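Novice: quick check, what structure comes out for this input:
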Amino acid sequence: MRFASGLVARVEASWRHHDVVWDLQASSDTGVVRAGFFPLELERNGEPVTFGAPVPAGVDPHVVELGYVQQMHALAALARGGAAPAMGAAFGRRVLDVVCGAYASAGSGGAVPLPFAGSRDATPLSLWRS
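Specialist: Reported below is the predicted structural model:
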């Protein structure tokens with residue numbers, strides 16, 4: 001992805017690798033952050049960052065590791081307080097544009113402008129093949 005500021009971000013989306021990797025890495029002149037999503041882990045400049053909540057009794061640990069318990073607590077708090085979520089529909093639309101654009105770009109090998117102009121209800125495989 002190429003941003004208006006000149007910043008370039010690389011998005012990899014592949015189903016070819018045997019070991020699925022669910023992570024995000026960001027770097028700058030002053031540091032690196034890596035987030036692993038399965039299992040949930042966070043590193044800053046190679047050092048682990050501790051976080052997390054205890055696993056409630058009777059709950060599968062993966063539900064906690066993937067953040068679902070925290071998401072449900074946040075959703076309940078928003079519903080009680082009537083506040084708007086920090087990341088609403090506009091953010092979701094941007095994420096969907098990036099995901100669709102990444103698959104379309106992977107299939108064509110070329111740049112895909114954002115916001116994504118193609119079909120947002122197509123499967124990733126069909127975007128890659130189109």
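Novice: can you show me the CA trace of the lowest-mean-pLDDT helix or strand in the chain as CSV?
Specialist: One helix or strand of the chain scores below all others by mean pLDDT, DSSP states H and E: helix 61-65, with a mean of 78. The C-alpha trace of helix 61-65 is given here as CSV (Å, rounded to 0.1, in the frame of the first residue of the first chain):
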residue,chain,number,x,y,z
PRO,A,61,-8.5,-20.3,26.4
HIS,A,62,-8.5,-19.5,22.7
VAL,A,63,-11.6,-17.4,23.2
VAL,A,64,-9.6,-15.2,25.6
GLU,A,65,-6.4,-15.3,23.4
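Novice: helix or strand right after that helix?
Specialist: Sequence order places helix 68-81 as the next helix or strand after helix 61-65, per DSSP states H and E.
Novice: flag every buried residue along the next helix or strand after that next one.
Specialist: Using DSSP H and E, the helix or strand that follows helix 68-81 in sequence is helix 89-108. Buried residues in helix 89-108, counting neighbours by 16 or more other CB atoms under 10 Å, are found at 97-107. C-beta: built from backbone N, CA, C; applies to glycine.
Novice: what does helix 89-108 contact?
Specialist: When contacts are defined by CB atoms under 8 Å, 6 or more residues apart in numbering, helix 89-108 is touched by residues 1, 11, 13-14, 111-116, 118-120, 122, 124-125, 127-130.
Novice: how far does the next helix or strand after that helix sit from its chain's centre?
Specialist: Counting by DSSP H and E, the next helix or strand C-terminal to helix 89-108 is helix 124-129. Distance, stretch centre to chain centre, for helix 124-129: 19 Å (CA atoms, centre = their mean, to the nearest Å).
Novice: alright, that wraps it up for me.
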